[in-house]
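Q: everything below, folded, please.
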Amino acid sequence: MVVGIIVAVVIIVILVVVIGLYNNLVKLRNRVDNAWAQIDVQLQRRQDLIPNLVETVKGYAGHESGTLQAVTEARAAVSRATTPQDKMQAEGALTSALRGLFAVAEAYPELKANANFQQLQAQLAETEDKISYMRQSYNDTVMNYNTAIQTFPAVLLAGALGFTARPSFDADAGVEVAPKVQF
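A: Have a look, this model is predicted:
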């Protein structure tokens with residue numbers, strides 16, 4: 001009888017620990033998903049600004065079609081990306097293409113003086129700042145989640161319960177610096 005009670009108590013304690021662990025991992029996974037969703041909102045905002053920016057530049061520098069095409073194609077690649085990893089990679093290419101666009105704009109003083117271009121430039125700079133901040137937040141959240149699933153005792157159950165490591169949002173080679181949006 002005493003042995004039965006002890007076994008029951010041990011089973012209950014193990015169940016409580018497993019349930020607590022599972023709930024904590026779900027909470028951390030949801031935070032990672034939410035952090036990514038916040039980045040995605042800002043990436044979409046940047047996506048929405050690009051057509052207006054391209055049209056404004058096209059009005060002044062229409063013969064720079066290669067640069068404009070690169071931005072348009074990079075934007076389309078971001079739209080087609082379905083996973084966070086693919087989107088991160090596509091965003092890196094878009095950032096590089098935007099750098100090229102702003103480099104072209106340097107050669108056109110009347111474009112730099114255009115009020116619409118200046119407004120788009122300011123909005124893009126603000127959005128880039130938000131993306132940068134949210135990347136940091138996402139990476140912190142991913143680090144907490146990954147640490148939780150890779151440490152004892154969660155490491156014993158995380159894989160079996162479907163919890164896998166998430167990638168951080170690292171800068172791609174050549175995009176360590178945000179696009180220059182001030183002239």
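
Q: from now on I want contacts and neighbour counts done on CA atoms only, so please keep to that.
A: OK.

Q: now stretch 55-65, how far from the chain's geometric center?
A: 29 Å (Cα atoms, centre = their mean, to the nearest Å).

Q: sorry, slip of the keys, the one I care about is stretch 130-139.
A: When distances are taken as Cα atoms, centre = their mean, stretch 130-139 is centred 7 Å away from the chain's centroid.

Q: hey, C-alpha coordinates of it in PDB?
A: Output of stretch 130-139 as PDB, limited to C-alpha atoms (Å, rounded to 0.1, in the frame of the first residue of the first chain):
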ATOM      1  CA  LYS A 130      12.000  49.300 -36.700                       C
ATOM      2  CA  ILE A 131      13.200  46.200 -38.600                       C
ATOM      3  CA  SER A 132      16.600  46.500 -36.900                       C
ATOM      4  CA  TYR A 133      15.000  46.800 -33.500                       C
ATOM      5  CA  MET A 134      12.600  43.900 -34.100                       C
ATOM      6  CA  ARG A 135      15.400  41.700 -35.400                       C
ATOM      7  CA  GLN A 136      17.200  42.200 -32.100                       C
ATOM      8  CA  SER A 137      14.100  41.300 -30.200                       C
ATOM      9  CA  TYR A 138      13.500  38.300 -32.400                       C
ATOM     10  CA  ASN A 139      17.000  37.000 -32.000                       C
END
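
Q: check which residues of it are buried.
A: Residues 130-131, 134-139 are the ones in stretch 130-139 that count as buried (16 or more other Cα atoms under 10 Å).

Q: please flag which of these sit within helices.
A: Residues of those located in helices (DSSP state H): 130-131, 134-139.
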